[in-house]
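# got a predicted structure plus its sequence, pasted below:
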Amino acid sequence: MKIAAIAGSLTPLSKTLLTVKETVNHIKKSHPEIEVNVIDLKKYQLTFCDGRDPSEYQGDSKRLIEEIVQADALIVGTPIYRGSIPGALKNVFDLIPNTALKGKVLAFIATGGTYHHYLAIEHQLKPLAGYFKAYTLPGNVYAHNEHFENKQLADETIKERLHQLADSVVTFSKQINGNVIGADQPVIPRQSLAQT
């Protein structure tokens with residue numbers, strides 16, 4: 001099984017990246033048979049989605065699309081800015097094929113300054129996963145400034161919740177194995193007017 005863990009922050013020292021790494025490190029330690037890869041968005045030079053077929057992108061955009069398509073499950077970490085996810089992460093979801101997440105398990109981690117926007121997972125991310133026909137786990141994790149000390153994740157309760165989330169991604173992904181996808185949805189063509 002292959003898991004892709006996206007850290008959707010572009011800041012140099014990111015709470016999001018720290019929480020994603022905590023989750024990934026737990027998987028590596030507790031489930032050594034699982035291949036897990038961190039996709040740190042600040043290390044990718046992505047093209048903005050312009051409506052073309054996903055197979056036509058090149059460079060880092062192509063590499064990112066391939067990593068997500070080939071993954072059996074995803075862990076998505078995001079900062080919350082102005083009550084929503086940053087544009088860089090939204091662009092990832094715009095770039096990938098409509099079928100890229102179909103029947104896969106997604107787990108969400110969000111970070112913010114306070115608990116003010118903790119419901120962004122429910123309002124922003126879960127509907128996006130639903131569009132892609134992916135499964136979202138209950139009990140996603142939100143961490144804020146008070147959970148960090150000396151530029152490290154310090155809160156043991158948050159760490160334990162991240163470990164539980166990691167274990168759940170592995171367990172649930174093994175159980176459904178991408179085979180439970182529900183009814184097909186209509187084909188949604190990706191074509192701009194410039195292509196007609």
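Thanks, I have it.

# following the least confident helix or strand in the chain by mean pLDDT, which helix or strand comes up?
Using mean pLDDT, DSSP states H and E, the weakest-scoring helix or strand in the chain turns out to be helix 120, at a mean of 88. Sequence order places helix 126-131 as the next helix or strand after helix 120, per DSSP states H and E.

# how distant is that following helix from the center of its chain?
Distance, stretch centre to chain centre, for helix 126-131: 12 Å (CA atoms, centre = their mean, to the nearest Å).

# show me what contacts the residue nearest to the spatial centre of the chain?
By CA atoms, centre = their mean, the chain has its centre lying nearest to Val76, at 2.0 Å. Each residue near Val76 by CB atoms under 8 Å, 6 or more residues apart in numbering is listed here: 5-6, 8, 89, 106-109, 125. Quick note: C-beta positions are derived from backbone N, CA and C, even for glycine.

# if we go to 6 Å?
Taking CB atoms under 6 Å, 6 or more residues apart in numbering as the criterion, Val76 is in contact with 6, 108.

# ok now the least confident helix or strand of the chain, how far from the chain's centre?
Between the centre of helix 120 and the centre of its chain there are 14 Å (CA atoms, centre = their mean).

# and the lengthiest helix in the chain, what does it pack onto?
The longest helix of the chain (DSSP state H) is helix 156-176. With contacts taken as 3 or more CB pairs under 6 Å, 6 or more residues apart in numbering; DSSP states H and E, helix 156-176 sits against helix 15-30, strand 105-112, strand 141-144.

# that older thread, hey, what's the residue nearest to the centre of the chain bridged with?
Taking DSSP bridges, one finds Ile6, Phe108 as the beta-bridge partners of Val76.

# circling back: for Lys174, which of the helices and strands packed on helix 156-176 is the nearest?
Proximity to Lys174 (CB to CB) singles out strand 105-112 among those, at 9.5 Å.

# once you drop chain neighbours, what's closest to Asp167?
Distances taken as CB to CB, 6 or more residues apart in numbering put Ser30 closest to Asp167, at 6.7 Å, once the chain neighbours are dropped.

# what distance do you get for the one you found to Val76?
Taking CB to CB, to the nearest Å as the measure, Ser30 falls 20 Å from Val76.

# just Glu35 next, same as before
Note on Glu35: its distance to Val76, by CB to CB, is 17 Å.

# can you check Val38 too?
To Val76, Val38 is 12 Å away according to CB to CB.

# again with Gly8
In terms of CB to CB, Gly8 sits 7 Å off from Val76.

# what of Asp155?
Counting by CB to CB - Asp155 and Val76 are separated by 20 Å.
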